[in-house]
Each structure stands twice: as structure tokens, then as C-alpha cells.
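> return a 3D structure for these sequence lines:
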Amino acid sequence: MILFRSASCPRPIRLREETRRFAYDSLNGKYGQELQKSDHLTLRREEAQGLTRYQLYDLLISKIAREAPVRVIPGEMLAGSATLKAASRHIIPVLYENGERVMDSVSHTTPGFDRVLREGIDQYEARIRARQAEPCTDEEAAFLSSLLNVIDAMRVWHGRYMAAIEDEAEWEALKDVPFRPARTFREGLQSLWFSFAFCRLMGYWPGIGKVDRMLEGLYQADLARGAITEDEARELLAHFFIKGCEWVTLEVCGSGDGQHYQNKVLAGQDAEGRETAGTVTRLILEVVEELPIGDYPIAVRLRADSPKWLMELVAKVMRHGSGVCSVYNEELVMRSLEEYHYSHEEAAEFANDGCWEVQIPGKTRFGYKPMDAYILLQRDVLHLFDSETVDYPDFDSLLEAYFAAMSKDMERFHAVADGQITDKQPASVFALLEDGCIEKAQDYFNGGPIYNVLSPHYGGLPDTANALLAIRRIVYEEKRMTLGALVDILRNNWEGQEPLRRRIAALDGYFGNDAPEADALCGALVRRFIDLARAVHLRNGILRPPGISTFGRQIEWKDARGAHAQGKKQGEILSGNLNPAPGTDRESATAVIRSHCSVDLSRLTCGTALDIKLEPSCARGEEGLAGIQALIRGFLALGGFFMQIDVIDNSELKDAQQHPEKYPTLAVRISGWSARFVTLDENWQRMIIERTAMETI
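Numbering: from 1, shown residues only. Predicted structure coming up:
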């Protein structure tokens, strides 16, 4: 019998042994490693000569549909596979003969797969042809023709699978979808998978969206007429998850092997206030409770009055580790979206970009700009990297100087955002599935979707608050030294000042300890950032909802930053997202949540994430299960936005560094994605290990 690891307790067994074997093989890289034989297709330079952008793009899409290997795995229940490995590198997987990429692809968007299930792709073709009958510029005509080429390519790829499939039930499920509306649960799941896999084959990384809402009605209709059982539906859903592991290779690749932005969103209320969590929601969570598949991170929309069974099942999934499940505070997210001028009906449809940034699926072109808020303090206010003498007469003057630097930084952001509507890159694969593009005859990057977003994302705000707290105490309150003297010490990376460095590092009350002083400072920084971002709501067609994130960029930023006023040396990895810096959160998980939620997140419309890392002892038994639920309920009550809890044994992670062959499927939460720990490089492994593992709830 195949058994899968768990951080805290044995996993349940519900699925057939054949399905569990399929999962085991997939998670251990069997199918991903097969892609070594089919990395990419090749285009000769002369084939591209004289072609317009859309002609070249159409050539690539058609070539992939005709020539990419078709893979049918014995016993699988869903057809379709993204069999070109280069697609997993975020490019269209056709390269020139010298290995140079021809075109990039797109991610951070959840297309309207729900509409595909309801209407079928044939209806999309009818809409395109109707738009072609209206007046069009040459550019618009080329774009609409490119959309039809995508549909033609999908038909070619579909036909190749229909010819290859031998299993009658699998053939029957694929026969009509995704071109016609799905009529059964299996057709719906097959339509969703085939559309998703087609995007991935073309190098696009789509989020998936609200899977349970798409499938619940089909499941209930099948159940009512005796066409399916609960166990059969669970097996089909398990195959959907397992198929999503087809790019697992167990190769070391920086941020891991799971960063493909294929998030699912479950549960939550619809626009009429009805809870949508149902049997499909439960079955999906049961699948990932049994199988440690973190390749589809799941975000569950929760409220204080969410069903008790749902809250308990989320906690059960979380306690096994692997970082599979996270939660949105649905009430706060919807309120923030409506306050940002989305309608109530649109807000009720929120999902994410395949990571955790909030968007309206099927209607949004999304991008974000990562920015380091902490470097502003070091570079522009303290002048650590030049010889300028700094002297602010009081702490308020120092803080105002920081706010001025932030204001200039945000002016630069808004100038960048102003130029985001562009025709630089065809993206017809995604544009086909985004409302607005057909009607406007405009591509994904050219203003086609209903909502066009570039979100400013600051990282390093907790570090800025901690540094300001240390400066206020040492320089302005205790008057142990001048600010200039402290800056000189930092320029020399604390050389010869080890006792002082240790004393400052050990100060009580850094962010993450439910300490009012640090929490208030961080809150003030976030408020000013939100005000500056929202100073421009919509300009040049671009919305600018603010968010706070790092997505691991604290690793990249560490070498550009200097030594730290809060007692850390240059090169240390600091805070991620809106989390405490490693080692500064010395209290409990509850204290971390209180600090995080002390910041008003109600206007942070794109969102932020709180990462909670628990020792396995916190998650064991009924007490551990109740503790995780208490953390979730507290997070909701205190006004959090999005939280991801992982259960990790640091001793196991350190052993995995030394003996990776023992832990091929050990998955951990990174940020908006999970990955096999052994596929992270040394810096990313260090970041995960250095996160404080809470021993108490």
C-alpha cells in the first residue's frame, strides 16, 4: 500500500490504490521527467521572415497544436497533456535553432473557464465572427483572425487526442467538449482540464478559479439521475489534481518546481448571499487531505458564519503540511473590492491571479510591480550608500523624510502604470478567454479585458517599521548616539560593534509580537502607501489597487540592502509579505496574527499574505485541530486578508538538505505557491527554514 507523508498524523485513505499509485508516480517525477525527450519545437529563422506579429504568433500556436507529443496514460480519466517542457519556463515552447526564444507567454491571470463550461468554444467562434462583420481596423482584423486561429489550433489538438484515446469512457467525455456546453460532471471536469491544459501547452500559466462553483450543479444533476456516485466524483477530481503534477521533475530550480500560478478558489457566498460550498468543495478538500499535492494551491473563501464542516476540513488539510490550503477573509475582501468601485456582483465573483492577488476572473488583465519599501529608508533617508551626513532633529522629521521618499517612489510607479496599455505582444490564447477582448477587438495587453490592472506591491514594510523603531529608541529616546554615528556603524556592517548589535537585535517589541509601538509604526507606513497608491484610481485605462508582497524577493533584495538598524548584518534575509522578520516574532502564532491584523487592510484591495509556520506538535490530535481553527477564526475576526498556514518540522527540512533522496515529495508553502523542498535552491531553503516555527498557538 502506498502511504504519503504527513507533518502531524496519518492521512486518510479513500481513493482507489490505482489512483494513489498514479499520484505517487506523478509526484515522484515520472511524467515530468519524460518531458526531457520533448523540451520544445524548433522554428527556422527563415520561416519567421516577413511575418507580422500576429502571423508569427499564429504560426507558433498552430505548430504546437500539430506537433506537440500527444500523451495518453493508461488508466487516466482525463485527456490532454502539456508535453513540451519549455512551456514550464514561462515561454511559448517554440525556439529558434540556436535556442533563442521566439515569444514570451503570460501568467498571473485566471481566464473565464466557467464561461467555457457554460457556453462552449463554438459560441466564442460565433461571437468572433459577429464582431468581424462590424467595422474593423487592420490591427483589429488581425487580432480577431488570431483568435480564430487559437480555436482552430484547439480543434487540431482535440482531434489528435480523439484519435489516440482507446478508453471508451474517456473518449466519450472528451467528444463534445470544450466546444459545446458541458452536460455532465465528467464532461465539465474534462472541459475544464482540456482548456487549462491547452493554455499550459502554449506556455501560458492560467489560474483556474472557482472550481466547485463550476462543477457543483453538474454533479448534483448527475447524482439526481443516478449517473454518478460520490466516490466516482472523488476519483475524477483526484485525477484532475494528479494530472496537474505533470511538470514535476524534482529538478532544483531556484524557487522550486511548483510556481506555475494554477491556484483554485473554493467556497464563499454568491451575490445573493448564498453559501456556495457544497459536495464538490468537500470532495476536493478530501482529495488533498489524502494526497500531498501542493501544485494546485487552494484558497478557501471563509467568513465567521461559514459552515462548521468547511472550517474543520480546511484545518484537517492544513495540519498535514505541504502548504496546500490557505484562506481568504471573504467579507473583508469583498468590502475592499466594492469600496474600490467594483460592483457587489463582481466582488462576489473574486478569485485570484493563480497566486493570491485578488482579481475578477475572466475579466482582468493583471500585472503587479514589486518594489522594496525598505531600500527607500536605507538609500534615500539614511544615505547608507553615500557619504552624505544625515541629521534629522527629531523622529517625526525622519519619518516625514521617509514618507517623502515613498511619495517620489509612487510617482515613478504611476508613470510606469500610465504606459501599460500597449500592442507590444500578442496574447490571443488568453484574450480568447477574457471578456471584453472579442467585443472591443483588442488584445489582452491592448486594453481588451474589462479590467486592466497594474498593482503596486511594496515589500519590506515590517523591516522598515523595525528599523524605525530601533532608531527611535536608540537615537531619539535613549540618546545613546547620534543618528550620524549609527549610520556610520551601519556603513561598516556593525564591525567592532557586536555587543551593541546584539543588544539592539534583542530589543522587545518588534513587529509580530502584538507590540503596540511597532504595530502602530507599520500601520502608519501601510496607510501612507495605500493613500499614495489610491491617489490615482484609474488613469490611461489602468487600475492601480495596492498590495503588499515579496514572493521571496527578500532573497534577491538582501544583497542590495545594507546593514540593518534593527541589529542585523548585511545579507540577512528579512521579512516576507506582511510578516515578521525571521527570529523577531518571539511570542505565539496568535501574537503574529494580532500584529498583522492591527494594520488596516480594508483598503489594500489587491491584498497581502500572512504566513504562519507551526511545529507539528501544534497540529496533532483534536486539540491541534481546534487550535488551527481558532487561528483561522481569530484571523477573520481581527480583519486579516489572506493567510497561509503550513505545518513543518525544521529538523526534517535540515535532514532533507543533507539527504534529499529521502524526501522527494516533501512540499512546503513558499508564498502563493508550494514546491518540493528539495527543488528549492540553497537560499530559498534557507528562507523557509529561518521562518519562525511557532511552538504555541
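> what's the spacing between the closest residue to residue 577 other than its chain neighbours and residue 329?
Counting by CB to CB, 6 or more residues apart in numbering, residue 609 is the residue found nearest to residue 577 once chain neighbours are left out, at 4.5 Å. In this view, the C-beta of every residue, glycine as well, is placed from N, C-alpha and C. The gap separating residue 609 from residue 329 is 12 Å, by CB to CB, to the nearest Å.
> give me the common contacts of the two.
641-642 (CB atoms under 8 Å, 6 or more residues apart in numbering).
> in the stretch 201-350 of the chain, which spans are strands?
Using DSSP state E, counting those that start in this stretch, the strands of the stretch 201-350 of the chain run over residues 264-266, 298-302, 325-329.
> now the angle between strand 325-329 and the second one, please.
Compare the direction of strand 298-302 with that of strand 325-329 by axes from the mean of the first three to the mean of the last three CA atoms, to 10 degrees and you get 30 degrees.
> same for strand 298-302, what does it pack against?
Using 3 or more CB pairs under 8 Å, 6 or more residues apart in numbering; DSSP states H and E, the elements in contact with strand 298-302 are strand 264-266, helix 279-290, helix 308-319, strand 325-329, helix 330-339.
> let's see that with 7 Å instead.
Under the contact definition 3 or more CB pairs under 7 Å, 6 or more residues apart in numbering; DSSP states H and E, strand 298-302 sits against strand 264-266, strand 325-329.
> residues in contact with it?
Here strand 298-302 makes contact (CB atoms under 7 Å, 6 or more residues apart in numbering) with 263-268, 288, 311, 314, 324-330, 352, 356, 632, 636.
> coming back round to it: most tightly packed of the strands of the stretch 201-350 of the chain?
strand 325-329 (a mean of 27; mean count of other CB atoms under 10 Å).
> tell me the strands beside it, with direction?
Strand pairing for strand 325-329, using DSSP bridges, gives strand 298-302 (parallel), strand 642-647 (antiparallel).
> got the ones you listed as CSV, with distance to residue 396 and mean pLDDT columns?
Output for these, formatted as CSV (distance: least, CB to CB, whole Å; pLDDT from 0 to 100):
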stretch, distance to residue 396, mean pLDDT
strand 298-302, 40, 97
strand 642-647, 33, 94
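> I'd like those laid out as a markdown table, including distance to residue 77.
Shown next, in a markdown table, are the strands paired with strand 325-329 (distance: least, CB to CB, whole Å):
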| stretch | distance to residue 77 |
| --- | --- |
| strand 298-302 | 20 |
| strand 642-647 | 30 |
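> nearest to residue 217, of those strands?
Residue 217 sits nearest to strand 298-302 of all those, at 18.2 Å, using CB to CB.
> sorry, back to before: let me have the helices and strands packed on strand 298-302 in JSON lines, adding distance to residue 274 and mean pLDDT as columns.
As requested, these are exported to JSON lines (distance: least, CB to CB, whole Å; pLDDT from 0 to 100):
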{"stretch": "strand 264-266", "distance to residue 274": "15", "mean pLDDT": "96"}
{"stretch": "strand 325-329", "distance to residue 274": "17", "mean pLDDT": "97"}
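> dump these to a markdown table, plus distance to residue 164.
Listed next are these as a markdown table, based on distance: least, CB to CB, whole Å:
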| stretch | distance to residue 164 |
| --- | --- |
| strand 264-266 | 28 |
| strand 325-329 | 35 |
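> so which of the ones you listed gets nearest residue 228?
strand 264-266 (19.8 Å).
> got a list of contacts for that closest one?
208-212, 277, 281, 284, 296, 298-301, 351-352.
> return the distance of it from the chain's centre.
Computed by CA atoms, centre = their mean, to the nearest Å, the separation of strand 264-266 from the middle of its chain amounts to 12 Å.
> tell me which residues touch the residue nearest to residue 577, please.
Contacts of residue 609 (CB under 7 Å, 6+ apart): 356, 549, 577, 642, 644, 671-672.
> distance of it relative to residue 598?
The gap separating residue 609 from residue 598 is 16 Å, by CB to CB.
> picking up where we left off before, can I get the strands of the stretch 201-350 of the chain in TSV including distance to residue 123?
Formatted as TSV, those follow (distance: least, CB to CB, whole Å):
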stretch	distance to residue 123
strand 264-266	24
strand 298-302	29
strand 325-329	31
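> contacting residues around the closest residue to residue 156 other than its chain neighbours?
Once flanking residues are discounted, residue 156 sits nearest to residue 65: 4.4 Å by CB to CB, 6+ apart. Applying CB under 7 Å, 6+ apart to residue 65 gives the contacts 153, 156-157.
> of those residues, which is the nearest to residue 46?
Once CB to CB is applied, the member of the contacts of residue 65 that ends up nearest residue 46 is residue 153, at 22.3 Å.
> just to revisit the earlier point, which one of the contacts of strand 264-266 has the most neighbours?
residue 352 (30 neighbours; other CB atoms under 10 Å).
> quick check: residue 257 touching residue 674?
No - between residue 257 and residue 674 there is no contact under CB atoms under 7 Å: 9.8 Å.
> between these two, what contacts are shared?
With CB under 7 Å, 6+ apart, residue 257 and residue 674 have no common neighbours.
> could you list the low-pLDDT ranges of the chain?
1 (pLDDT under 70).
> max-length helix in it?
Longest helix of the chain, by residue count under DSSP state H: helix 138-164.
> CA atoms only: put stretch 331-341 into CSV for me.
The C-alpha trace of stretch 331-341 is given here as CSV (Å, rounded to 0.1, in the frame of the first residue of the first chain):
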residue,chain,number,x,y,z
GLU,A,331,-16.1,39.6,4.0
LEU,A,332,-13.1,42.0,4.1
VAL,A,333,-12.0,41.2,0.5
MET,A,334,-15.5,41.9,-0.9
ARG,A,335,-15.8,45.1,1.1
SER,A,336,-12.5,46.3,-0.2
LEU,A,337,-13.4,45.5,-3.8
GLU,A,338,-16.7,47.3,-3.5
GLU,A,339,-15.0,50.3,-1.9
TYR,A,340,-12.7,50.3,-4.9
HIS,A,341,-15.7,50.7,-7.2
